[in-house]
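1. After the sequence you'll find the predicted model.
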Amino acid sequence: MEEYSCKDCKFYLPVDVFRGICKLSKEHVGPDGPLCDKMEKIAKCRFCANYSVEKDYLGKCMGITLAYPDMIASKCADFKWYKQN
Amino acid sequence: MNTDPQSHINYYGCEPGKEVSPREGKRQPTPRANEARELYFETKSSVSMEFPYWYTRRWEELEGEIPIIRRAEALKSGFEHLTPTIYPGELLAMGKASFLRGSYPMPWLSEAFFMAAEDKLYMEAQESGKLTADTFTTMGKGGGNVTKSSGRVISIAGKFGLRVEEVPIMLEVARKWKDKSVDDVGHKYEQLVPGYKEKEALMRSVICMFDSGYTLPQGREVMNYYYPLQFGIDGIIRNCEEGIADVAGYPEMDRLYFYKAVILMLEGIKQWVKNYAEEAIFLASIEKQEKQKTEYLEMAERLEWISSKPPRSFHEALQVLWLFHVAVLNEDAISGLSPGRVGQVLYPYWQRDMKNGSIDREKSLELLECMRIKFTEIDCFASMGVVGGVLSGNTFNNLCLGGLLKDGTSATNELEMLILEAGITCDTPQPTLSVLYDEKLPEEFLLKGVECTKIGTGYPAWVNNQVALEFLIGNYAHEGMALEEARAWAIGGCLETSPGSWMPLELDNEIHWIPGGSAPATSVGVHFLNLPKLLEVALFDGMDMRTGQRVFPSHGYKLNSYDEIWQAFKVYFSRACHVLTLTNNIQHDAWRKISPSLVNSMLKPDCLAKGKDIGQMGCRYNTTFNIESCGTANLVNSLSSLKQNVFTENNYSLDEYRKALLANFGYKTAQETGSYSLIDQVPTEDYRDWQKIHRQSLDAPKFGNDNQFVDEIMKDWEDWFCDMTHNYRSLYDQPMYACQISVSTHGPMGAVTLASPDGRLSGTTFSDGSVSAYPGTDKNGPYALFNSATCWNHAKSQNSQLNMKIHPSVVKGREGSRKFLELIRAYLRKGGFHVQFNIVDSRMLKQAQADPDKFRSLLVRVAGFTQYWVELGKQIQDEVIARTEYEEL
């Protein structure tokens, strides 16, 4: 089962590698912090139909190009939500 | 200062006094800026892989494409894929990466650093996965530096944090650049330089600090914002399209590719701005507070407008300035990208907004404070040696004030007064400020500058306009520079005199001549040469006695006279300049071929007019490579000591001196004691065997006391050094010149140098700057120091650097301000180029060293830059504490 954390949420505003700010509550939150009921996934490679896992933290985009799962893909023209998501 | 002749410690270096005196009262920033600064204080330097991923991906897709087009497409892809992040309360949007203090590696410049660390990074990534994120709480020290790996974060270079999830992609992307990066290609060809092995020996011995040709291939220069301010992004694109129509198919076809590349790059920037506008609209859509919602919508409107059109207001113009500043920083590893004379560039917009009532002084001040925060957020990703050893984590965005207008009258204005005010109310390291001092500047403005310096910010630095003009005419007349144009200059980086041009900004049918940089980086050349180490190697006939390795072949001198020592030193210094100039030229040639500048080229006159990028000498002025020195006072003091003790008074033979240096005068080394100044050094059991020679070395005439014996040595060195640099030719076939700033290199360069004949001990930090006295040795007061410092003509060099530390009580109150201004004037009137001050009680610095968490916001001046105390390495902290503290003027 897929695990999510605050940094997978579209309301997460990264401040640094240790923490961020929730765009809704304005509270400081950790990137690995637990989710709340307002969570909405942000487009990331690992949520994309074009992404395939190769090994830990690495994969392929459309089976050809190197990619990594945690990259935000909201500005990627080829991003397509994986259907189970 | 302990002057007890029997004492073995604290002979030099300034000991803190008994009572702590505070700095003169500070004012507070506006609540908005204060909140932003508090957020900054809690933020760690963070690295993300977004930009390098997309850059590399696009680069690979375009195998076989014309290199400059490939580069443009890669940059475009990087820009348009950056995730926009806007922080609550911001009035200026956009940043280098998606973190507040964000930056990223640029493996196309150099990937070797990551590959060398590959095993370690993988191991740490694996191990840290087993830890919990909470362990970060142990990392309180070091300000924003991520000093060690912890939880799911890997520390890189002791400064930057990278999420574990991004370590594999960083290494994979780096691997793709193996043998293709500027570093690797340059290295392949630099080995063809005759005598190349000598270059490697110079780097191993740290006689030379780093390869500037690719490490920081741009920077220490002045930005020029004219084109986007005047034409907007779409206007520049139209200009390039016209350029293409003019040149397509004709000879000098590179112009065609340059124009096309600029268009592609601008399309990426345009989309990047639009992405921010879109994010601002999204934030407004979820915002409950009406004021913040309105601000987001206004921000979106501003960004959408400037994504294509020229700015309509001061606020929009400031946003354009910031956007292109960041855009340049995103195309290369850069430190010292100075915004230049911002108050004069933006004055027409501000004046118009003030007239029509759309802005007031309060709002202007708030905006300028916000600008300070944005500049302070800039980080430069580089290896530890560069980011720590050279830069101390600083990025040297120098904003200049004052100077003269095109017609030779004072250039100061009301907006510059507000910029100074923002520097007082919102004291942050960036942008650092410099006053281009001229006798024509009004007293009110100068006193405002003094007020700012007095609160302990370390800025503004005080720089001599007339000396700079003499230097510029001397070095750029052959490229067509006349006096009127020279007046457009500014400081690039911490203290590099950089040529500028007057640009005709048309606003409301009126022409305003605004200054802007018109030359490429001065961050390239021979950087830095360790002067005391070169003397050490000369004394040991070419050997580095720390490593036991040979650096140079025997010089062949018997060193039977002072003149022979001086000759041997000059021979080795010249050899170093020769080989390092050639290898650097090759590295930078690889840079201009593989990774040419596009954003900065587009901005700098006359690249667009010529259809040539910076690397093809598109700029109006191209004489920018320099040879940089470090440890001047220690070199001069050492020569003085040898001259007196060995050849004038015959107290010791040179062999006895060599033995004393190797024995470190009977003291433990700095590495053993962990202290890097002469204060607190620890003697060994047999220190008495060396006590006499050490004492007489310390007692030999020292630079900074208006002593003719040693000042003549200084003058000999400066006259020879400044002249000999012109014998070396840059990649652009222009003569080089002397650059005399230490930045932070006097720490690591001192660390690799044995004890020196002036009595300085092994591993301790050198004197800072180039005309600063060694800590504690200037005993005759500031005016004697000024006489020594100006014993040579500063206009022969790109700069000289004098740092002084003054106790806050000395300049207290209005009378103190006037006295302080007279002190500054006295130095500049003598022909000094630059002076900067730490107004601080050393005891406070000692407290801050012991308990850094309580001093997160404490600023100090190092050598051309202001930095948070807690983000400085101990080598530099110790040196700043030890500096002579003037308790009267």
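-> Everything's here; your move.
2. my read: B:Cys577 touches B:Thr725, true?
-> Yes: here B:Cys577 reaches B:Thr725: they are 7.4 Å apart, a contact under C-beta atoms under 8 Å. The C-beta positions use only the backbone N, C-alpha and C, and glycine is treated the same way.
3. Touching both of these two, which residues are there?
-> Both B:Cys577 and B:Thr725 are contacted by B:Ile627, under the criterion C-beta atoms under 8 Å, 6 or more residues apart in numbering or on different chains.
4. who's more crowded, the two?
-> Taking neighbours as other C-beta atoms under 10 Å in any protein chain shown, B:Cys577 and B:Thr725 compare with B:Thr725 leading, 25 against 21.
5. Poorly predicted segments of chain B, please.
-> B:1-25, B:116, B:119-141, B:384, B:388-389 (pLDDT under 70).
6. Within range of chain B, give me the residues from chain A.
-> A:11, A:13-18, A:21, A:23-24, A:26, A:30-32, A:55-58, A:65-66, A:68-72, A:74-76 (C-beta under 8 Å from any C-beta of the partner chain).
7. Any chance of a ChimeraX selection covering the buried ones in these?
-> Buried residues within the residues of chain A next to chain B, by 16 or more other C-beta atoms under 10 Å in any protein chain shown, are selected in ChimeraX with:
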select /A:11,13,14,15,16,17,18,21,23,24,30,31,32,57,58,66,68,69,70,71,72,75,76
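8. Quick one: mark the members of the residues of chain A next to chain B that sit in strands.
-> Using DSSP state E, the subset of the residues of chain A next to chain B located in strands is A:Leu13, A:Pro14, A:Ile21, A:Lys55, A:Leu58, A:Thr65, A:Leu66.
9. Secondary structure element holding the nearest residue to the last one once chain neighbours are set aside?
-> Among residues not flanking A:Leu66 along the chain, B:Glu172 sits closest, at 5.8 Å (C-beta to C-beta, 6 or more residues apart in numbering or on different chains). B:Glu172 belongs to helix B:167-176 when elements are defined using DSSP states H and E.
10. Can I get that helix in PDB, CA atoms only?
-> Output in PDB follows, covering the C-alpha atoms of helix B:167-176 (Å, rounded to 0.1, in the frame of the first residue of the first chain):
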ATOM      1  CA  VAL B 167      20.500  11.200  -3.400                       C
ATOM      2  CA  PRO B 168      20.200   8.400  -6.100                       C
ATOM      3  CA  ILE B 169      19.000  10.800  -8.800                       C
ATOM      4  CA  MET B 170      21.700  13.300  -7.900                       C
ATOM      5  CA  LEU B 171      24.400  10.600  -8.400                       C
ATOM      6  CA  GLU B 172      22.700   9.300 -11.600                       C
ATOM      7  CA  VAL B 173      22.500  12.800 -13.100                       C
ATOM      8  CA  ALA B 174      26.100  13.500 -12.100                       C
ATOM      9  CA  ARG B 175      27.200  10.300 -13.700                       C
ATOM     10  CA  LYS B 176      25.800  11.400 -17.000                       C
END
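11. Who are the packing partners of it?
-> strand A:58-61, strand A:65-67, helix B:50-61, helix B:112-116, helix B:118-128 (3 or more C-beta pairs under 8 Å, 6 or more residues apart in numbering or on different chains; DSSP states H and E).
12. Can you report how many residues lie near B:Pro300?
-> No Pro there; residue B:300 is Ala. Around B:Ala300 there are 22 other residues, counting by other C-beta under 10 Å.
13. Is it correct that it is in contact with B:Asn275?
-> No: the pair B:Ala300 and B:Asn275 does not pass the contact test of C-beta under 8 Å, sitting 11.1 Å apart.
14. What residues of stretch B:861-879 count as buried?
-> B:861-873, B:875-879.
15. Stretch B:431-446 too?
-> Those would be B:Pro431, B:Thr432, B:Leu433, B:Ser434, B:Val435, B:Leu436, B:Tyr437, B:Asp438, B:Leu441, B:Phe445, B:Leu446, for stretch B:431-446 by 16+ other C-beta under 10 Å.
16. do the same with stretch A:22-42
-> A:Cys22, A:Lys23, A:Leu24, A:Val29, A:Gly30, A:Pro31, A:Asp32, A:Gly33, A:Met39, A:Ile42.
17. tally of neighbours for B:Trp305?
-> Neighbours of B:Trp305 (other C-beta under 10 Å): 19.
18. ok, and the nearest residue to it once chain neighbours are set aside, which helix or strand is that part of?
-> Excluding its sequence neighbours, the residue lying closest to B:Trp305 (C-beta to C-beta, 6+ apart) is B:Glu316, at 6.7 Å. For B:Glu316, the enclosing helix or strand under DSSP H and E is helix B:314-329.
19. B:Ser629 now?
-> In the assignment (DSSP H and E), B:Ser629 maps to strand B:626-630.
20. Can you name the next helix or strand after that strand?
-> Later in the chain than strand B:626-630, the nearest helix or strand by DSSP H and E is helix B:632-642.
21. Which residues does that next one contact?
-> B:531-532, B:534-535, B:562, B:565-566, B:569, B:654, B:657, B:696-697, B:700-704, B:709-710, B:713-714, B:717, B:740, B:756-760, B:766-767, B:769-774, B:777.
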